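[1] Sequence and predicted structure, then a few things I'm wondering about:
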Amino acid sequence: MKMSIRCIIFSLLTFLLYSGCALEAPQPSGRAYVYGVSRYENLKDLDFTDDDARDMAALFSNAGYEAKLRIDDGTEAGTGPATIEQLEKDIEEFITGSTPGELFVFYFAGHGGRYDEIYSSGLPEPPPGVEPSQGEGGDEWLFFSGSIPSLSYETWTDVALKDDELALMLSEIPGGMKLVIIDACKSGGFIGDSTFVDPLPQGPDDADPQMFWESLFAYFGFSEEAAKDIAGGNAFVLTAAGELENSAEINGNGVFTLAFLEAAANGDIDENGYITLHEIYRYIEETWEDRPLTSGFHPHLSGSAVDIVLFSHLPQ
Amino acid sequence: MSPARTIVTIACFFLFVTEGIAGDIHDFEPRFISEPAISIELSSSEFFPARVHYFGSIRIGGGFDISPRLGLEACAGIGGTSGSRLSGTSYYVGYSGAFGSLNMLGKINSFWGVTAGPRFSWMTLSDTGHGFFFPSGVAGLFVNLPPRKNDTWYLRLSLIYAQHFRKDLVYSSSTGIGLSFVQPLGGVK
């Protein structure tokens, strides 16, 4: 008899544990700060990064986000300057003006590059007009609007933003609802990979990852060096290319941005009315090989066990 | 609380409960027992930002007694998840995984007991292919149906709480139920 009572109590507790009701996801909301830089002074100009920014701003605006457009020096009507100072102001505005649960989105289209031994060892610098990105190791940079006095690394700091610096800026935003989208060369280097293993190599000469062992070592082998870049707990990061890869642009957009725009419209893989970040990445990857100019680079996504809903196709 | 400290705290609490309430460690000779178990575990997990997923797994393992009231159980198996969306965030999906766990079983009596221990999981996300190592601290209650005997099989129904330790998750835990088929092969006390 006593045992029967125990069994009944145990069964009731189990039932209560699993009797929660399901909830519908609300419409996504947030603020998108969209940066496009197409005019450079010591680097070659880009053809479509300003168009990328306009299209992405329209996408997020139409999806219910409050979108702010930053293009080149900000002289275009309705835009602001695509500078580091402006990004600092935008982050401050989000911190003070957003409500809990809002998604912070930072999109950047422009030049990206790497700094590594080749610059510090006294070897010749790349000639003007060539994107400064060579070799493995070192920091990655985004080149905002403004003049780079020379191709010397020491002169970059006013107009180029290093991966660790962007990570620090993002860490000032409370919570985990932050998304960084970068359409630039070497942009995969902005992804902090200390706690997961990316299934894709970072470049043509990079070996395929050993998923199990590397994920095991990534957890126990956590190092200060690996903690740099934008860590998974800091923000979600989606990039056009790997750490050692260049991105490309064609037919009015960056190849990656064009794929993103299509994914936002057609990427509802599970057909539930919501398009999540993982679905967008998966859609882009599955259609990548069929796109022109995609050989030699792949988009990369930070590895988080949490996904976020970006767009809803459900009636509002 | 760090993962190590959490596990030690759970283990100490566990020792206190089992040996404090029911302990009679005198006259004990540690010996290996063979008690294979096939477990099916279904759990509901919450992550931050909020979401829920369901995780099912099949494990098999065995163990040995380290005291009259305490046993160690090692398990390994496979699992899978499916997700549901809540609060505008969603989807933790892993389609494959292999994990091992080391559970400390506290046998309060032949009918019920408590369990605690570390669990080590590895998962890949189906949408992205990313790989994760996923350690957890697990604690729970179990009942044996029918009450455990030395030489006949029985079912073990468990209530499980697992705290997952990931640097990129602000909050991550699971609650679940487990059903195990246990076949003692000898030496059960």
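    Received it, and whenever you're ready, just let me know what you need.
[2] what ranges do the helices span in chain B?
    With DSSP state H, the ranges of helices along chain B come out as B:3-15, B:22.
[3] Comparing the ones you listed, which yields the minimum mean pLDDT?
    Confidence, taken as mean pLDDT, is least for helix B:22 of those (a mean of 46).
[4] what number of residues lie near residue 183?
    I went with chain A, as the question did not name one. Counted by other Cβ atoms under 10 Å in any protein chain shown, the residues lying close to A:Asp183 total 33. The C-beta positions use only the backbone N, C-alpha and C, and glycine is treated the same way.
[5] look at chain B instead
    Residues contacting B:Gln183 under the criterion other Cβ under 10 Å number 14.
[6] isn't it right next to B:Trp153, touching?
    Yes. With contact defined as Cβ atoms under 8 Å, B:Gln183 and B:Trp153 form a contacting pair (4.6 Å).
[7] what's the overlap in contacts for those two?
    Applying Cβ atoms under 8 Å, 6 or more residues apart in numbering or on different chains, one finds that no residue jointly contacts B:Gln183 and B:Trp153.
[8] how about the nearest residue to A:Lys68, chain neighbours excluded?
    A:Tyr33 (5.1 Å; Cβ to Cβ, 6 or more residues apart in numbering or on different chains).
[9] That should have said A:Asp229, apologies.
    Of all residues not flanking A:Asp229 in the chain, A:Gly192 sits nearest, at 3.8 Å (Cβ to Cβ, 6+ apart).
[10] So the one you found is in contact with A:Phe236, correct?
    No. With contacts counted by Cβ under 8 Å, A:Gly192 stays clear of A:Phe236, the gap being 11.2 Å.
[11] what residues are shared contacts of these two?
    A:Ser302.
[12] Could I get the full set of strands for chain B?
    B:31-32, B:37-47, B:51-65, B:70-84, B:89-90, B:94-107, B:112-125, B:131-145, B:154-164, B:172-182 (DSSP state E).
[13] ok, now the stretch 51-200 of chain A?
    For the stretch 51-200 of chain A, applying DSSP state E, counting those that start in this stretch gives strands covering A:66-71, A:103-109, A:111-115, A:139-143, A:160-162, A:178-183.
[14] Can I get the ones you listed in a markdown table including distance to A:Thr49 and mean pLDDT?
    Listed next are the strands of the stretch 51-200 of chain A as a markdown table, based on distance: least, Cβ to Cβ, whole Å; pLDDT from 0 to 100:
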| stretch | distance to A:Thr49 | mean pLDDT |
| --- | --- | --- |
| strand A:66-71 | 9 | 97 |
| strand A:103-109 | 4 | 97 |
| strand A:111-115 | 8 | 82 |
| strand A:139-143 | 11 | 87 |
| strand A:160-162 | 15 | 88 |
| strand A:178-183 | 7 | 96 |
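[15] how about CSV for those strands, with distance to A:Thr287 added?
    Formatted as CSV, the strands of the stretch 51-200 of chain A follow (distance: least, Cβ to Cβ, whole Å):
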stretch, distance to A:Thr287
strand A:66-71, 25
strand A:103-109, 20
strand A:111-115, 23
strand A:139-143, 26
strand A:160-162, 30
strand A:178-183, 16
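[16] show me what contacts A:Ser215?
    Going by Cβ under 8 Å, 6+ apart, A:Ser215 touches A:Phe196, A:Val197, B:Trp122, B:Gly131, B:Phe132, B:Phe133.
[17] for the residue lying closest to A:Glu66 once chain neighbours are set aside, what are its contacts?
    Distances taken as Cβ to Cβ, 6+ apart place A:Arg31 nearest to A:Glu66, at 4.7 Å, with adjacent residues excluded. By Cβ under 8 Å, 6+ apart, the contact set of A:Arg31 is A:Tyr65, A:Glu66, A:Ala67, A:Lys68, A:Phe94, A:Ser98, A:Glu102, A:Leu103, A:Phe104, A:Val105.
[18] Swap in 10 Å and give it another go.
    A:Arg31 makes contact with A:60, A:65-68, A:90, A:93-94, A:97-98, A:102-106, according to Cβ atoms under 10 Å, 6 or more residues apart in numbering or on different chains.
[19] Likewise for A:Phe217?
    Residues near A:Phe217 by Cβ under 10 Å, 6+ apart: A:Val197, A:Gln210, B:Phe133.
[20] thought the second one was touching A:Pro201?
    Looking back up the chat, that one is A:Gln210. No. Between A:Gln210 and A:Pro201 there is no contact under Cβ atoms under 10 Å: 11.5 Å.
[21] okay, these two: which has more neighbours?
    Remark: of A:Gln210 and A:Pro201, A:Pro201 carries more neighbours, 18 against 12, as counted by other Cβ under 10 Å.
[22] Can you pull the phi/psi pair for that one?
    Main-chain torsions, A:Pro201, degrees, to the nearest 10: phi -70, psi 160.
[23] what's near enough to touch it?
    Contacts of A:Pro201 (Cβ under 10 Å, 6+ apart): A:Gly188, A:Ala207, A:Asp208, A:Pro209, A:Gly242, A:Glu243, A:Leu244, A:Glu245, A:His298, A:His300.
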